[in-house]
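Asks: any chance you can model this:
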Amino acid sequence: MKQALWKKLLLATLMMSAAATSMAQEHHHHDTPDSIEAQTRKVYFGMEFKKVFDTQVIYNLESMPTDTPVLIMFFSPECGHCVADAQKLADVVPQFDIPFWMISSHPLKDLKEFGERYKLEGIKNLVFLKDYGHRIHNWFDFKYVPFFALIDKKGNFIKEFNRLPSPEELKSVISTNDFLEMYMK
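Replies: So this is what the prediction gives:
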């Protein structure tokens, strides 16, 4: 009897592990980046974050520059894909030539440790932020992290990426996107 129960528990554990691995490997988002839903979404005003290393500084849509969009990355310090991306940020983000907001709603202590470990403070164009209101899911309907979205000050959701875009890919999207005609004039 004990041996049969043990085998069932082992089988259940293996099945759960395989399912978790499969979900992590798929790493897909609800919308395809160029779907009609993704193209027409608006970011809700009222979005507000605080800097991780200086919680007195608040960022919101009003903080965005008027002449360029912002690439947002929502992440979890526990996510393997997020850690892999964090290791690349010092090399990649300065090449973006636009602001990059890295956001999480995890405890401030965990975010500070993550930021220190991957030397996020001081990277050109990168702003490391905490979502104290835990409301980012209200603005973006995403199922997996890391989540990347290009948005503008008017609240336009321009494009979703299913991975950290290369500087060339990001520049291509910005230079060819209809939402950004005003930036190119």
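Asks: now this protein, which segments are flagged as low pLDDT?
Replies: In the prediction, the chain carries residues with pLDDT under 70 at positions 1-46, 178-185.
Asks: chain center to the one helix or strand residue 160 maps to: distance?
Replies: Secondary structure from DSSP states H and E places residue 160 in strand 157-161. Going by C-alpha atoms, centre = their mean, to the nearest Å, the spacing between the C-alpha centre of strand 157-161 and its chain's C-alpha centre is 11 Å.
Asks: so in that sheet, which strands flank that strand, and in what orientation?
Replies: For strand 157-161, the paired strands and their directions (DSSP bridges) are strand 147-151 (antiparallel).
Asks: can I get the CA coordinates of the strand it pairs with in CSV?
Replies: Taking Å, rounded to 0.1, in the frame of the first residue of the first chain, the C-alpha atoms of strand 147-151 are listed here in CSV:
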residue,chain,number,x,y,z
PHE,A,147,6.7,41.3,-20.3
PHE,A,148,7.9,44.0,-22.7
ALA,A,149,5.7,46.7,-24.1
LEU,A,150,6.5,49.9,-26.1
ILE,A,151,4.2,52.7,-25.0
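Asks: identify the residues contacting that strand?
Replies: Strand 147-151 is contacted from outside by 29, 43, 64, 69-75, 140, 157-165, 170, 173-174, using C-beta atoms under 8 Å, 6 or more residues apart in numbering. Where C-beta positions appear, they are placed from N, C-alpha and C, glycine not excepted.
Asks: out of the residues you listed, which are inside strands?
Replies: Per DSSP state E, strands hold the following members of the contacts of strand 147-151: 70, 71, 72, 73, 74, 157, 158, 159, 160, 161.
Asks: beta partners of the most centrally placed residue in the chain?
Replies: By C-alpha atoms, centre = their mean, the chain has its centre lying nearest to residue 73, at 2.2 Å. For residue 73, the beta-bridge partners are residue 102, residue 148 (DSSP bridges).
Asks: you'd agree it is up against residue 101?
Replies: Yes: between residue 73 and residue 101 there is a contact under C-beta atoms under 8 Å: 7.2 Å.
Asks: distance of the residue nearest to the centre of the chain from residue 128?
Replies: For residue 73, the distance to residue 128 equals 10 Å [C-beta to C-beta, to the nearest Å].
Asks: now do residue 78
Replies: Relative to residue 128, residue 78 is positioned 17 Å away (criterion: C-beta to C-beta).
Asks: looking at the two, which is more packed in?
Replies: In this view residue 78 and residue 128 are compared by other C-beta atoms under 10 Å, and residue 128 has more residues nearby, 24 against 12.
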